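> got a structure for you, letters missing:
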């Protein structure tokens, strides 16, 4: 139990469809991070929340990506008009040594 | 900018062999350094960390020493086991900012009996 639950664990979608991933920290944390990990690479930072405020966004986060943390607890990451290049593992992390969820794997056909 | 470079894998060893996985970094200020491990089919787990120069992080028989003079944080283990087979990631958090991790590309370790 890493303290972070992610859903769904695996999503297969067709190009052009929208997908949404959810991250639920088991306990309260004011900071929450999203990362993306492609095959054979280390995770790359996408965005960071302090409570409900999104304070930093990577250049990797194109305008097709949007993340929210409406009540400062769970967070969602939506990808619109998916492309094959979006295929990756999307990881959510909370501080305290940065505990990572097991990730949501996206496959875009 | 900040970056982490680690040796390419795969690293293939026999059980009980000595392991070294090299990691060097580029960062402004005084970063904290980490090793994470990803076992097959599992998520990332923190293995060990060091927050200042000359600190040694250790866990599960693995060790790494923060060397500021060589900007390195090499991972070592004296005697590997088959169960150590995994992908190992070196990472840093730079001083200041929002504590985001910068990862290396990962090194796959395969240990055979």
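Yep, it's here. Note that this is a predicted model, so its numbers are computed, not measured. Numbering: from 1, shown residues only, chains lettered A, B, ... in the order given.
> Quick check: residue A:40 vs residue B:25, distance?
Distance, residue A:40 to residue B:25, using C-beta to C-beta, to the nearest Å: 20 Å. From N, CA and C alone the C-beta is placed, and that goes for glycine too.
> Which of those two has more residues huddled nearby?
residue B:25 (21 against 10; other C-beta atoms under 10 Å in any protein chain shown).
> hey, what's the more buried one bridged with?
Beta-bridge partners of residue B:25, counted by DSSP bridges, are residue B:4.
> Confirm for me that it is in contact with residue B:31.
Yes: with contact defined as C-beta atoms under 8 Å, residue B:25 counts as touching residue B:31 (6.7 Å).
> hey, what's in contact with both of these two?
Counting by C-beta atoms under 8 Å, 6 or more residues apart in numbering or on different chains, the shared contacts of residue B:25 and residue B:31 are B:2, B:92.
> and residue B:111, what are its bridge partners?
Note on residue B:111: beta-bridge partners residue B:13, judged by DSSP bridges.
> should've said residue A:68
Applying DSSP bridges, one finds that residue A:68 bridges with residue A:76.
> Can you tell me which residues in chain B are near chain A?
B:4, B:42-46, B:49, B:89, B:91, B:98-106 (C-beta under 8 Å from any C-beta of the partner chain).
> Buried ones among the residues you listed?
Among the residues of chain B next to chain A, those scoring as buried are B:4, B:43-46, B:49, B:89, B:91, B:98, B:100-106 (criterion: 16 or more other C-beta atoms under 10 Å in any protein chain shown).
> where's the dip in pLDDT among those?
When these are compared by pLDDT, residue B:98 scores lowest at 77.
> surely that residue meets residue A:55?
Yes: using C-beta under 8 Å, residue B:98 is in contact with residue A:55, at 6.2 Å.
> anything in contact with each of the two?
residue A:48.
> Closest to residue A:16 out of the buried ones among the residues of chain B next to chain A?
residue B:43 (29.2 Å; C-beta to C-beta).
> who's in contact with that closest one?
Contact analysis of residue B:43 by C-beta under 8 Å, 6+ apart lists A:2, A:91, A:100, A:101, A:102, A:103.
> hmm, try it at 6 Å
A:100, A:102 (C-beta atoms under 6 Å, 6 or more residues apart in numbering or on different chains).
> now do residue B:7
Contacts here follow C-beta under 6 Å, 6+ apart; on that basis residue B:7 touches B:21, B:22, B:107.
> neighbours around the second one, how many?
Right, residue B:22. Neighbour tally, residue B:22, other C-beta under 10 Å: 16.
> Name the nearest residue to residue A:23, ignoring sequence neighbours.
Nearest residue to residue A:23 in three dimensions, chain neighbours excluded: residue A:92, at 3.4 Å (C-beta to C-beta, 6 or more residues apart in numbering or on different chains).
> before we move on, back to that, can you tell me which of the contacts of residue B:7 are in strands?
Those of those mapping onto strands are B:21, B:107, per DSSP state E.
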